[in-house]
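Asks: below: sequence and its predicted model.
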Amino acid sequence: MAEVTSTGGPEGPAPEQGEKPIGRRAVLGILGLGGLGIAFGEHVQNGISDLLKPLRGTGLAGLVPGGGNFTLYTVTSGFPAPPPDYRLTVNGMVERPIQLSVRDLEALPATRLTHDFQCVTGWVVDDVHWTGVRLTELAKLAGAHPSATVFHFSSFDGVYTETLTTDQAEQSGAIVAYSMLGGPVSKAHGGPVRLYVPGMFGYKSAKWLSTITLTGVVEEGYWEQNGYPVDAWVNGHGPSAA
Ligand SMILES: Nc1nc2c(c(=O)[nH]1)N[C@H]1C(S)=C(S)[C@@H](COP(=O)(O)O)O[C@H]1N2
Ligand SMILES: [Mo]
């Protein structure tokens with residue numbers, strides 16, 4: 001389960017271990033968009049999740065072409081290497097901006113999850129094991145101001161961004177993950193540290209996480225500027241509503 005595969009053509013330098021990244025152009029090709037700024041209608045999204053619903057939890061999703069395996073994405077050329085002195089920064093509307101090494105993160109209260117990972121393009125991987133620190137925990141640690149209602153994420157690939165409201169972070173139980181698939185988050189999957197947002201489409205789960213900024217404004221992330229919905233619940237409403 002959850003083996004790494006690759007499809008489509010690489011657009012950058014050859015990555016490690018024969019893993020091929022899929023570039024932005026290829027993703028747009030997969031989506032059949034071939035251009036920028038094309039709205040990704042809600043019905044399309046629902047269509048995808050409806051299609052996969054009967055297969056969820058059965059392990060049969062792997063029988064759908066492209067199902068059951070991760071496809072590795074990057075919007076830059078190849079997978080970026082972390083700076084040698086990698087630290088995750090938490091700043092913005094906080095009492096104490098903090099910088100955490102992977103060891104620092106591992107020393108914090110850990111959250112373990114077994115949960116699927118689903119890309120809006122249709123592929124899904126069931127029962128992925130994740131370990132990390134809750135966003136809400138990091139906000140507490142940094143002393144987030146009560147008026148800080150949004151987490152803004154940036155990546156050391158220099159391009160990818162995302163946001164999540166603090167409510168969404170709480171409802172989803174989103175974590176900053178340092179472990180997935182039974183080991184450290186690999187370079188290809190966004191290591192040393194990536195986001196994982198249970199219940200939301202994969203594009204929310206920013207890879208190669210460098211900075212979390214507490215703000216008061218929801219901003220469109222990388223793919224959202226290219227037409228994906230900012231509200232990325234796979235089921236359309238999150239865990240609270242029926
Ligand atoms: N920095 C960065 N994060 C990213 C992406 C990306 O291209 N760059 N792609 C997103 C999308 S659309 C998905 S589905 C998942 C894919 O995760 P994987 O590459 O580990 O399969 O990462 C998300 N996070
Ligand atoms: Mo995705």
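Replies: Perfect, thanks for sending it. Ligands and ions are numbered 1, 2, ... in the order given.

Asks: and the strands in the protein?
Replies: Ranges of strands in the chain, per DSSP state E, are 4-5, 70-71, 88-92, 98-100, 111-118, 124-134, 150-155, 161-165, 175-180, 183-184, 194-196, 209-215.

Asks: for the ones you listed, which one sits closest to P82?
Replies: strand 209-215 (8.3 Å; Cβ to Cβ). In short, each C-beta sits where N, CA and C put it, glycine included.

Asks: just the closest residue of the chain to ligand 2, please.
Replies: Residue nearest to ligand 2 within the chain (Cβ to the ion): C119, separated by 3.4 Å.

Asks: count of residues packed around that residue?
Replies: Neighbourhood size, C119 [other Cβ atoms under 10 Å]: 19.

Asks: do you know the pLDDT at it?
Replies: Looking at C119, its pLDDT reads 97.

Asks: ok, now A61?
Replies: Looking at A61, its pLDDT is 53.

Asks: and for the closest residue to ligand 1 within the chain, nearest residue in space, chain neighbours not counted?
Replies: For the chain and ligand 1, the shortest gap (Cβ to the nearest ligand atom) falls at G202, measuring 2.6 Å. Nearest non-adjacent residue to G202, counting by Cβ to Cβ, 6 or more residues apart in numbering: C119, 4.3 Å away.

Asks: whether stretch 72-89 contacts ligand 1 - can you check?
Replies: Yes: using Cβ under 6 Å from any ligand atom, stretch 72-89 reaches ligand 1 at 72-75.

Asks: between the strands of the chain, which gets the lowest average pLDDT?
Replies: strand 4-5 (a mean of 36).

Asks: which residues does the residue of the chain closest to ligand 1 contact?
Replies: Going by Cβ atoms under 8 Å, 6 or more residues apart in numbering, G202 touches 117-120.

Asks: so of the residues of stretch 72-89 next to ligand 1, which ones are in helices?
Replies: Within those, no residue falls in helices by DSSP state H.

Asks: so where's this structure uncertain?
Replies: 1-67, 241-242 (pLDDT under 70).

Asks: repeat the analysis, applying 90 as the threshold.
Replies: 1-68, 240-242 (pLDDT under 90).

Asks: need the contact list for the most centrally placed residue in it.
Replies: For the chain, S205 is the residue whose C-alpha lies nearest the centre (Cα atoms, centre = their mean; 1.0 Å). Residues near S205 by Cβ under 8 Å, 6+ apart: 117, 190, 194-197.

Asks: which pair of the residues you listed spans the longest distance?
Replies: Farthest-apart pair in those is G190 and V197; separation 12.7 Å (Cβ to Cβ).
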